[in-house]
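Asks: Sequence and computational prediction follow.
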Amino acid sequence: MTKAPSSSPRFEELRQLALAARKNAYCPYSGHQVGAAILLDDGSVHTGCNVENSSYGATLCAERVAVHAAVAQKGPKIRVKEVVVATDATPPWPPCGMCRQVVAEFQDNAVIHAVNPQGQIQTWKFEELLPNAFTPEFLSADSK
C-alpha cells in the first residue's frame, strides 16, 4: 500500500469525511458500506455513500453520489481534484468502472485514494485507473 502523498494537505480531512459518510450507507444487499469524499478545485468538499436498491441497476455508488451532490450544489463546471473512497475491504477497493467514468467527466488527472478503517491506503492518479477515458472532448465539433 502506498501512503497518502505529502502534496495532499487535506487528505486526512477527506479520509475522515469518507469514513464518516460510509456509516450512512444503505447496503442491505451487498452488506458493504462505502463512503466517498471529493475535493473540488474551489476548496469545497462533498460526500456520498452507497445507496442500494432492490432493483440493482438503481443502486448508486458513494463516488457517484458525491459527484452528483457537488454538481447539484455548485453547478456543472465543477473540477474534482481529489477523491477518497472508504470501504471495509482489505485491501480497500478503488472506484468501480462506472464511478471512474463519472469522475472522468469532471477531473483533470485527479488523485484517487482508497482507504479502509484499518488504516490501509492505496493511491493513484486518475489516468492510472482509467487510461484513455471517454471524456466530453470526444464529443466536440472537431471529432465529428
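Replies: Sure thing, it's come through. Numbers count the residues shown, from 1 in each chain.
Asks: Could I get the pLDDT score of the residue nearest to residue 89 when sequence neighbours are not counted?
Replies: Leaving aside its chain neighbours, residue 89 sits nearest to residue 116 (6.3 Å; criterion: Cβ to Cβ, 6 or more residues apart in numbering). C-beta coordinates here come from the backbone N, C-alpha and C atoms, glycine included. Looking at residue 116, its pLDDT is 97.
Asks: Likewise for the one 10 residues further on?
Replies: Confidence per residue is given as pLDDT, and for residue 126 that number is 97.
Asks: was I right about it contacting residue 105?
Replies: No. Contact criterion Cβ atoms under 8 Å: residue 126 and residue 105 do not qualify, at 11.4 Å.
Asks: So between the two, which is more surrounded?
Replies: More crowded of residue 126 and residue 105, by other Cβ atoms under 10 Å: residue 126, with 21 against 15.
Asks: top strand in the chain by residue count?
Replies: In the chain, taking DSSP state E as the definition, the longest strand is strand 107-115.
Asks: Tell me who's in contact with the spatially most central residue of the chain.
Replies: Nearest to the mean C-alpha position of the chain, by Cα atoms, centre = their mean, lies residue 63 at 3.7 Å. Residue 63 is in contact with 36, 38, 48, 83, 85, 95, 99, 102, 103, counting by Cβ atoms under 8 Å, 6 or more residues apart in numbering.
Asks: For it, which non-adjacent residue is spatially closest?
Replies: Distance criterion Cβ to Cβ, 6+ apart; nearest residue to residue 63, sequence neighbours excluded, is residue 99 at 3.9 Å.
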